[in-house]
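Engineer: Generate a structure from the sequence data that follows.
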Amino acid sequence: MKKLLYVGMCLWALLFLFSCDKEDVNGYTPLPKIHLGETFRYQCGEENYTRLEYDTLGQAAVLNFYKDEVTSLDCVDYDENSCTFSFHKGKTGLYRISWDYTSENLLRIYYGQNGMWYRMNTTGTHEYVLEANDGMAVKMVVYRASQDSIHCTVNRFCIEEYKEEE
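Structural biologist: Okay, here's the model as predicted:
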């Protein structure tokens, strides 16, 4: 009887572990890639949004870029599913992140590590010097609009090494 109870509890535990809704896990679809300087118009669906737990503004779509248009650095990787640029130099380095865009939507640039994200475009300038460790990431997001329509032109989004001036 103990064996039967043990097997039943194990089956129940496995059922519980695998009972997540697959749409919640695999339902995210990245936006189409955009070229710098070209106007991007897109009608988002639920599958294009991700929940930004760290921000009170909620759901956003992460803009999807061509890596070679944003950076030529070998120590920066691009994940096409999460649409994030990540640093892998092997040591801490300084990087200049610069941008210029026009948008009908609320657009923000973030850097983050270990699930914590911080906004770069808070001061009105169009660049940020980031002291990045391995694994840190950068992304540009568009917050969910009432019509679920994205309309923006990203003229510049650049990640380059920063050399302090003497």
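Engineer: packing partners for the lengthiest strand in the chain?
Structural biologist: Among the segments of the chain that qualify as a strand by DSSP state E, the longest is strand 149-161. For strand 149-161, the packing partners by 3 or more CB pairs under 8 Å, 6 or more residues apart in numbering; DSSP states H and E come out as strand 39-43, helix 67-70, strand 93-103, strand 137-143. In this view, the C-beta of every residue, glycine as well, is placed from N, C-alpha and C.
Engineer: In CSV, list the ones you listed along with mean neighbour count.
Structural biologist: Shown next, in CSV, are these (neighbours: other CB atoms under 10 Å):
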stretch, mean neighbour count
strand 39-43, 13
helix 67-70, 16
strand 93-103, 17
strand 137-143, 23
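Engineer: Now render these as JSON lines, adding mean pLDDT.
Structural biologist: Below are the helices and strands packed on strand 149-161 laid out as JSON lines (pLDDT from 0 to 100):
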{"stretch": "strand 39-43", "mean pLDDT": "96"}
{"stretch": "helix 67-70", "mean pLDDT": "98"}
{"stretch": "strand 93-103", "mean pLDDT": "96"}
{"stretch": "strand 137-143", "mean pLDDT": "94"}
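Engineer: ok, for Trp117, nearest residue in space, not its chain neighbours?
Structural biologist: Tyr110 (4.5 Å; CB to CB, 6 or more residues apart in numbering).
Engineer: And the contacts of the longest strand of the chain?
Structural biologist: For strand 149-161, the external contacting residues (CB atoms under 8 Å, 6 or more residues apart in numbering) are 31, 34, 36-44, 61, 63, 65, 69-71, 73, 76, 85, 93-105, 107, 109, 126, 138, 140, 142.
Engineer: any weak-confidence spans in this protein?
Structural biologist: Counting by pLDDT under 70, the chain has low-confidence residues at 1-26, 53-57, 166.
Engineer: next one: stretch 118-135 to chain centre, how far?
Structural biologist: Mean-position distance between stretch 118-135 and its chain equals 14 Å (CA atoms, centre = their mean, to the nearest Å).
Engineer: for stretch 145-157, same thing?
Structural biologist: Worked out by CA atoms, centre = their mean, stretch 145-157 lies 15 Å from the chain centre.
Engineer: Using CSV, write out every CA atom in that stretch.
Structural biologist: Taking C-alpha atoms only, stretch 145-157 is exported to CSV below (Å, rounded to 0.1, in the frame of the first residue of the first chain):
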residue,chain,number,x,y,z
ALA,A,145,-0.1,51.5,-26.9
SER,A,146,-3.9,51.6,-26.8
GLN,A,147,-4.2,50.5,-30.4
ASP,A,148,-1.3,48.0,-30.2
SER,A,149,0.3,49.8,-33.1
ILE,A,150,4.1,50.5,-33.2
HIS,A,151,5.2,53.5,-35.3
CYS,A,152,8.8,54.6,-34.8
THR,A,153,12.1,55.3,-36.7
VAL,A,154,15.3,54.4,-34.9
ASN,A,155,17.9,56.5,-36.7
ARG,A,156,20.8,55.4,-34.5
PHE,A,157,21.3,52.7,-31.9
